[in-house]
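>>> mind folding the following:
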Amino acid sequence: MRDEVAPTWIAHLSDLHLDALPEVRERTVQVVDFLRQLTVPPDAVLVTGDITEPRDDISMFDELVWLDSEIRFGPPVLYCPGNSDDREAFRSFLDARGDPYTDIDGQVHQARVVGELQYLLLDSRVPGSFVGRLDRGAIDWARCELDASACTAVVAMHHPPVPLGHPVVDDLRMQDAEELEGLIAEHDSVIATLCGHTHAATSASFAGRPLLIAPGVHSAGQLPPTFSATNRALIDENAAPALALHRVDGRRIVTYFHTLG
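Have a look, this model is predicted:
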């Protein structure tokens, strides 16, 4: 009889949009305080992009450093960038942390193993655009990483790779995702894809596996059934911060979406 392996818990945060404003930082502090109080602490904290919000009078690097100091309460913290994150600031941040990455045409991709789980952290940014895209080089790199590992894996990135039925958000998703879909379908080790970008807790499927989209720490995204010509605001900044908690047990992943009161 093989030894039982304890489930892995992933705290999944996304879309913090830190801009040095106290009220924005406070939302992140609330989420981190919640994680500190869990009776079963997460084995890893995953942040899937739009960590910062560009402003001329602040340093994006400083905001990343502030977050990292705030969130370091024990478990490893893994970061992948979103469309609002400055490329040079994010690269300098990884350098300062000593996190290894692979630079492919300006995008920085990371492969990390925490416990029994491999994380492929993909950089889906397109400079100057809200949409996402992965170059062929990123797919080839990811294939090599998956082929070389015997671990169960999750793919993490900012942009959802499938339409979600939203008249605006769907135009801002990852473009040309067919090769990524094929890659995941080829590798049984990949059990799920984890994303952000929409600020709305969402579950779907991609390559026959779960696609799990974290809600926003900064604000809540509007759901497709509530969007109309007279109600076109994409986010609600008055909504409470929220996050996802993923429980990985072998090949099974269970997700709890939680909104802070």
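
>>> which ones are touching Asp135?
Taking Cβ atoms under 8 Å, 6 or more residues apart in numbering, we find Asp135 in contact with Ile104, Asp105, Gln107. Just so you know, the C-beta spots here come from the backbone N, C-alpha and C atoms, and that holds for glycine as well.

>>> neighbour-wise, give me the winner out of those residues.
Gln107 (22 neighbours; other Cβ atoms under 10 Å).

>>> just the pLDDT for it.
Turning to Gln107, the model gives it a pLDDT of 95.

>>> got the contact list for the longest helix along the chain?
If you go by DSSP state H, the chain has its longest helix at helix 22-36. With Cβ under 8 Å, 6+ apart as the test, helix 22-36 has contacts from 11, 13, 16-18, 41-42, 45, 53, 66-67, 70-71, 73, 217-218, 241, 243, 258, 260.

>>> where does the stretch 1-150 of the chain dip in pLDDT?
Confidence mapping of the stretch 1-150 of the chain against pLDDT under 70 gives the ranges 1-3.

>>> so where do the strands sit in the stretch 1-150 of the chain?
8-13, 44-48, 77-80, 102-104, 107-114, 117-121 (DSSP state E, counting those that start in this stretch).

>>> hmm, Gly115 is touching Pro75, no?
No - with contacts counted by Cβ atoms under 8 Å, Gly115 stays clear of Pro75, the gap being 10.0 Å.

>>> ramachandran angles for Pro54?
According to degrees, to the nearest 10, the main-chain angles of Pro54 amount to phi -60, psi 130.

>>> can you count the residues close to it?
13.

>>> my guess is it contacts Glu63, does it?
No - taking contacts as Cβ under 8 Å, Pro54 lies outside contact range of Glu63: 10.0 Å.

>>> shared neighbours of the two, anything?
In the contact map built from Cβ under 8 Å, 6+ apart, the residues linked to both Pro54 and Glu63 are Asp19.

>>> coming back round to it: in JSON lines, list the strands of the stretch 1-150 of the chain along with distance to Arg247.
JSON lines is the format used below for the strands of the stretch 1-150 of the chain (distance: least, Cβ to Cβ, whole Å):
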{"stretch": "strand 8-13", "distance to Arg247": "6"}
{"stretch": "strand 44-48", "distance to Arg247": "12"}
{"stretch": "strand 77-80", "distance to Arg247": "17"}
{"stretch": "strand 102-104", "distance to Arg247": "29"}
{"stretch": "strand 107-114", "distance to Arg247": "15"}
{"stretch": "strand 117-121", "distance to Arg247": "12"}
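
>>> let me know which of these is tucked in deepest.
Across these, averaging neighbours per residue (mean count of other Cβ atoms under 10 Å) puts strand 44-48 on top, at a mean of 26.

>>> other residues contacting it?
Outside strand 44-48, the residues that touch it by Cβ under 8 Å, 6+ apart are 8-14, 16, 35, 67, 71, 75-80, 82, 114-115, 117, 119, 156-158, 194-197, 214.

>>> count of neighbours near the spatially closest residue to Asp15 that is not a sequence neighbour?
Nearest non-adjacent residue to Asp15, counting by Cβ to Cβ, 6 or more residues apart in numbering: Gly216, 4.0 Å away. Gly216 has 27 neighbouring residues, counting by other Cβ under 10 Å.

>>> ok, Gly216 to Tyr101 distance?
The gap separating Gly216 from Tyr101 is 25 Å, by Cβ to Cβ, to the nearest Å.

>>> helix, strand or coil for Ile253?
Under DSSP: H, G, I helix; E, B strand; the rest coil, Ile253 falls in the strand class.

>>> many thanks, we can stop here.
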